[in-house]
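1. Have a look; sequence and predicted model below, questions after that.
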Amino acid sequence: MKLKSVRFCVVLALFTLLVLNGCGKTNENNSIAQSPSAPSTSQEPGGGGTTKEITENAVNWSFSQPEINAKVGDTLKLTLNNEAGVHGLKIEELGVDIKNGETATIKLDKAGTYEFHCSIQCGQGHDNMVGQIIVE
C-alpha cells in the first residue's frame, strides 16, 4: 500500500511541474518581432483618422508599450507577440481578447482610457501585466 502512495505522490509532483512549466515556456511561434518604438501609421481616406499598427511584445511580466496614445477616429491594429512566456491581451471595454500572433482591429470612436491586461495566468508577476490605451 505504501508503494502506491509513493508512486501517486511522484506522479502528482511531475504533473504539477509540467503544468507550472507551461506558464514560463517560450512560445516558438515568435517568428515575427516588430520594433515597439516605431508603430506604423497611415491616413484613412476621407479624414477618418489614421491607422496605427502596433505590436505589443509580451515578456514575463510586462508589455513593451504599457501606454498607447491615439485620437478619436483612429483605427488601431494591435498585434500580440509573445517574446517570453505565454500571454494574452484583453481589453474588456473594447471587446478585445487576443493571443500570440493574433491581431485585433479596433475603431476608436470614443475618447477615454481603456485598460488592458494579460488574460492568461502566467506566473508570479501576472498582476503587473497591465497597460492602457489613451484616446483623446
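-> That came through fine. Residues are numbered from 1 along each chain as shown.

2. can you give me the helices for this structure?
-> 2-24 (DSSP state H).

3. residue ranges with poor pLDDT in it?
-> Where the chain drops to pLDDT under 70, the residues are 1-6, 8-48.

4. now do 90
-> Applying pLDDT under 90 to the chain flags residues 1-49, 123, 125.

5. wouldn't Thr75 be in contact with Lys52 here?
-> Yes. Thr75 is within contact range of Lys52, at 7.3 Å (criterion: CB atoms under 8 Å). Yep, even glycine has a C-beta here, placed from its N, CA and C like the rest.

6. How many residues are close by the closest residue to Asp74 other than its chain neighbours?
-> Nearest in space to Asp74, with sequence neighbours left out and distances taken as CB to CB, 6 or more residues apart in numbering, is Gly49 at 4.1 Å. When neighbours are counted by other CB atoms under 10 Å, Gly49 registers 19.

7. likewise the one 10 residues further on?
-> Using other CB under 10 Å as the criterion, Val59 is surrounded by 17 other residues.

8. Any idea what it is bridged to?
-> When bridges are called by DSSP bridges, Val59 pairs up with Ser62.

9. Tell me how far it lies from Leu80.
-> 12 Å (CB to CB, to the nearest Å).

10. ok, now Thr105?
-> 13 Å.

11. Looking at the two, which one has more neighbours?
-> Leu80 (23 against 11).

12. wait, doesn't that one sit right on Glu56?
-> Yes. Under the criterion of CB under 8 Å, Leu80 makes contact with Glu56 at 5.5 Å.

13. residues bridging contact with these two, i.e. touching both?
-> Each of Leu89 lies in contact with both Leu80 and Glu56 under the rule CB atoms under 8 Å, 6 or more residues apart in numbering.

14. Which residues does stretch 129-136 contact?
-> By CB under 8 Å, 6+ apart, the residues outside stretch 129-136 that reach it are 56, 58, 61-63, 65-72, 74, 76, 87, 91, 94, 108, 110-118, 122.

15. try 7 Å this time
-> Contacts with stretch 129-136, where a contact means CB atoms under 7 Å, 6 or more residues apart in numbering, come from 61-63, 65-72, 87, 108, 110-118.

16. Also stretch 102-118?
-> Applying CB under 7 Å, 6+ apart, the contact partners of stretch 102-118 are 58, 70, 72-80, 87-91, 93-94, 96, 98, 126, 129-136.

17. Noted, bye for now.
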